[in-house]
Structures are given as C-alpha cells and as structure tokens.
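Enquirer: Just a sequence and a predicted model for now, questions to come.
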Protein chains: 2
Amino acid sequence: MPRVTKNYKDRKKEIVDTATRLFTTIGYENTTIERIIEEMSVAKGTFYYYFPSKEAILESVANNILDDLINNAQGLANNTQISISQKLEMIFSPTNNSNKTAQEITETLHHTENSKLHQKINVNLVLRLSPILVEIIEQGINENLFEVEKPLETVQFLLVGAQFLFKEQLFSWDKDEYKQRRLAMKQILERSLGSEEDFFKFLL
Amino acid sequence: MPRVTKNYKDRKKEIVDTATRLFTTIGYENTTIERIIEEMSVAKGTFYYYFPSKEAILESVANNILDDLINNAQGLANNTQISISQKLEMIFSPTNNSNKTAQEITETLHHTENSKLHQKINVNLVLRLSPILVEIIEQGINENLFEVEKPLETVQFLLVGAQFLFKEQLFSWDKDEYKQRRLAMKQILERSLGSEEDFFKFLL
DNA sequence: TATAGCTTGACTGACGGTCAGTCAGGATAT
DNA sequence: ATATCCTGACTGACCGTCAGTCAAGCTATA
C-alpha cells in the first residue's frame, strides 16, 4: 500500500470523522477497526498510533457529536431574538431537531444495539445541556414565567425523562402512544417548572 | 470430562442461574461463555444446545431478574396493610431497595460495561412496573391524594427519570449532589401527581 | 544525513459460535 | 430376557472474527 504521511491533527480528525460516520451508520458494535482503516486506506497500526483502544475512539466520537449539539443549544440560549417558549420548544420537542447532528443521533444511531454509544452520549448530554437549559429557565424565572426551587436538578430529571422516553428508539411507541406521552410530558413540564397552563402547548 | 446428564428444565435453569450470577458479579461483557461452562463443568456444546447465542441468555437473565422485581412490586400494590405513601416509598426511594434482586441490580450490575443488560432491564422495567404503579396511583386518586390527567404516561416518565438518574451508576453524584437531586425529584413528583406538599417526604 | 514522527502489516490471543460424533437409557420387537 | 433401534443430552476439536501488538520501514525537516 502506498504510504501517505499526514500531520497529527489532520490524521486524527480523519479517523474521528470516519468512525463517526460508521458508528452512526451501522452502529458501534458493528463497526470494526478493520473497517475504519480500510475506508481510510491506512494500516492497523496507524489507528492504534492515534487511539489506544476502540473504547477511546468511542469517547472521542461521543464528545464530538455532543460538542455540536451543545454549541447549538448555547447559541439558542444566547439568542435574544427568540422567545423563551421557542427556545424550550427547540430543545424539548421530541420531533423537532433542527440541527443535523441531532438528526443523525435520533434517526440512525438508535436503530440497533448501540447501548454503549447511547449511554456515553446521553449521560454527557444531560450533564452539559442542563446548565444551558438552566440559563433559559432562569430567564423565565426573572420574567415570572416559572417558579422552581432547584432549576438545575429539576431540569436534569426532566431531560433524562425526555431523552430516554422519546429520543431513543428504546420504546417503540406507535403514533397514539407517542401523543399520549407527549401530553403527559406537557403536564409534567408545566407543573414541575411552575408555569401557567399550556405554556408548553407545542407538545399538544 | 465425565458425562452428566440432566433433564432439560433443570439444566436450563442451571445455565440461567450461573449466567445470572456471573453477569451480576463481573458484568455481561466480562462474562465469557467459556467461563459459564467451566463453572458448570459442561462442554461448550451443552450451552449452545440450550441457547442459540450469548444475546439469547442475556434476554433470559434480564427477564428473570425482572420477574422477581415485578412480583415484589405487585405484592406491594396488592397489600392492603401498607399505606399508599409507603408503597411509593418502597418503589421510588433511591436508597431503599428491600428485595434482594434489586440490590443485585443496583450494586453489582451497574459497575460499567453493562449497557446492554441495563437497557434490556430498564426498558422492560418501565413497561412492566408502570401499570402496577398506576394501580397504586389510582388508589390515591380515589382517596383524593392525587390529581393527574394521564397516570400511566406520567408514571412512565417519572420512572424513567428516577431509574436513569438514581438507580444506574451512570451519574456518579457525590452525597450532596445526590441529595439535591432527591429534593428536586420530590418537588417533581408532588407537582406532577398533584399531591399535597411533602407527600413524598421520604425523599427529604 | 540523522532522527523524530508517522506508517506498515504480519502476528497473537481471546472469544463467540459450529458440528460431527458419543453415549446412556428408554422403547419396541423377537 | 435380550437384541436392536432411537432419542435427546452432551462432548470438544475446530473455525472465523476481531481487538490489540510490535518490530521494522519510510519521510519530512533540521
């Protein structure tokens, strides 16, 4: 095989990109290191020069996916043009996923046996997204839209529920079951955050 | 190796028991088929005579663990001696796990590298435990202790939150972080279920 | 032209899974 | 009673796959 030398950063990014594509396409467990290097046309050793294990690149991929997601959310939180209600809609709405990466996650990633990747992403999603969400909630508290004692912890609980119940393909709800659960979540959100009724009408 | 013949049911149970013990001790991924058969003193083929794959026995083990859990909960729901508050405490309390199997789950199972087993158990736990929980909630509604529009769907959301945030070792909260999250859950439960304040004081 | 950084690919060992064959003990025929 | 056949549980050598290793080779650049 002809030898192509690249600098550290570029090669590493190339590996992460390739792995990300494969993990989100055919799943973590179905992706072999051999497949990754084959698609990159490099040798086995090259992969292990950059990553000590398959777990390690899972970590990188998960963080990469999350970085995008968090950046989007942070942009949303900072945006003064958008109403609080709309911000929450874009984060909580089970159907609406504006950003491309979230699409990847919800659609392709979740089909199969990807529990390891899921877990890594979900845990960090909750930990990293919740502070941003709290910024939004606190805007709402200042405007007397909400009333909660423990915004951060409350938001984390709600996020976990939303994430695992809707975003994952773990539960295969049909259309009506899905709607019923959305309605329940609407009430839970409104009551937990102490908003007025129908504040989360986008969940109707 | 000397040949020992047993009847189908006994041998199958023996395999499930051995696998359960190993899965909950050293984890699913760390448990090899070879280890299972070694501990049973049977040959590889014997295992595959009873189970078509490692996944298949995971399924059996998960269901087994759940059966115990669900039976306990159902017994609890049917028990007329215990107050509704106490029943909910025993199911929702993050620390109190009376039954042995739940102990196994929370302590050993969750170490790491068990995402597959976790997911299988959690999903089915939510699906199977929620109807039982609804029985209890509806007792409460009759006694005017609660007011909720969609008990089943609400309970499922709350269960998911409690399960993933507390029962798993996914988030490694320290003592105080733990307490804060319990307090947040207390308010969420009380508000979502429309109970009076401090109904869930066991979470204090 | 020396060397640090990058790359190669043959090799290893672990593990899930396969399969042809063994064997005890029960049923059936003589 | 006993020879023959059959079934269902069991055996273990073997296979393919795949993560991870390593000694050696190339190449940019100082």
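Expert: Ah, there it is. Not measured: the values here are computed from a predicted model.
Enquirer: downstream neighbour of the lowest-mean-pLDDT helix or strand in chain A in the secondary structure list?
Expert: When the helices and strands of chain A are scored by mean pLDDT, DSSP states H and E, helix A:100-104 comes last with a mean of 43. For helix A:100-104, the following helix or strand on the C-terminal side (DSSP states H and E) is helix A:115-142.
Enquirer: ok and that next one relative to helix B:115-142, angle-wise?
Expert: 40 degrees (axes from the mean of the first three to the mean of the last three CA atoms, to 10 degrees).
Enquirer: For helix A:115-142, list every residue counted as buried.
Expert: A:115-126, A:128-137, A:139-141 (16 or more other CB atoms under 10 Å in any protein chain shown). All C-beta atoms are positioned from the backbone trio N, CA, C, and that covers glycine.
Enquirer: and that helix, anywhere near DNA strand D?
Expert: No. Contact between helix A:115-142 and DNA strand D is absent, the nearest approach being 11.9 Å (criterion: CB under 7 Å from any atom of the strand).
Enquirer: tell me what that helix is packed against?
Expert: helix A:54-78, helix A:84-92, helix A:151-162, helix B:115-142 (3 or more CB pairs under 8 Å, 6 or more residues apart in numbering or on different chains; DSSP states H and E).
Enquirer: Taking their axis directions, that helix and helix A:54-78 sit at what angle?
Expert: Using the same axes, to 10 degrees: helix A:115-142 against helix A:54-78 is 20 degrees.
Enquirer: quick one on the thing from earlier: of all the helices and strands packed on helix A:115-142, which has the lowest average per-residue confidence?
Expert: For the helices and strands packed on helix A:115-142, the weakest mean pLDDT is recorded on helix A:84-92, namely a mean of 88.
Enquirer: Convert it to PDB, retaining C-alpha atoms only.
Expert: Only the C-alpha atoms of helix A:84-92 are listed here, as PDB (Å, rounded to 0.1, in the frame of the first residue of the first chain):
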ATOM      1  CA  ILE A  84     -38.200  31.500  25.900                       C
ATOM      2  CA  SER A  85     -41.000  29.300  24.900                       C
ATOM      3  CA  GLN A  86     -39.500  28.900  21.400                       C
ATOM      4  CA  LYS A  87     -36.100  28.100  22.900                       C
ATOM      5  CA  LEU A  88     -37.500  25.400  25.100                       C
ATOM      6  CA  GLU A  89     -39.500  24.000  22.200                       C
ATOM      7  CA  MET A  90     -36.400  23.600  20.100                       C
ATOM      8  CA  ILE A  91     -34.700  21.700  22.900                       C
ATOM      9  CA  PHE A  92     -37.600  19.700  24.300                       C
END
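Enquirer: Please give the element, helix or strand, for residue A:17.
Expert: helix A:8-26.
Enquirer: who are the neighbours in contact with residue A:146?
Expert: A:137, A:140, A:193, A:194, A:195 (CB atoms under 8 Å, 6 or more residues apart in numbering or on different chains).
Enquirer: what's the closest of those residues to residue B:49?
Expert: Relative to residue B:49, the closest of the contacts of residue A:146 is residue A:193; by CB to CB it sits at 55.7 Å.
Enquirer: gap between the closest one and DNA strand D?
Expert: 43 Å (CB to the nearest atom of the strand, to the nearest Å).
Enquirer: Setting aside sequence neighbours, what's the nearest residue to that residue?
Expert: Counting by CB to CB, 6 or more residues apart in numbering or on different chains, residue A:146 is the residue found nearest to residue A:193 once chain neighbours are left out, at 4.7 Å.
Enquirer: now residue A:31
Expert: residue A:22 (4.3 Å).
Enquirer: Kindly report the same for residue A:62.
Expert: residue A:120 (4.1 Å).
Enquirer: That neighbour touches residue A:57, doesn't it?
Expert: No. Contact status for residue A:120 versus residue A:57: not in contact, 11.4 Å apart, counting by CB atoms under 8 Å.
Enquirer: At the contact with DNA strand D, which residues of chain A appear?
Expert: A:3, A:5, A:31-34, A:44-45, A:48, A:52-55.
Enquirer: residues from chain A in reach of DNA strand C?
Expert: Residues of chain A lying close to DNA strand C (CB under 7 Å from any atom of the strand) are A:1-8, A:11, A:41-46, A:48-49.
Enquirer: Can you select the buried ones from these in PyMOL?
Expert: Of the residues of chain A next to DNA strand C, the buried ones can be selected in PyMOL as follows, counting by 16+ other CB under 10 Å:
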select buried, chain A and resi 11+42+46
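Enquirer: Out of the residues of chain A next to DNA strand C, which sit inside helices?
Expert: Taking DSSP state H, the ones among those that sit in helices are A:8, A:11, A:44, A:45, A:46, A:48, A:49.
Enquirer: ok, those residues vs chain B, which is closest?
Expert: When these are compared for distance to chain B (CB to the nearest CB), residue A:48 wins out at 20.6 Å.
Enquirer: Local confidence estimate at the closest one?
Expert: pLDDT recorded at residue A:48 is 97.
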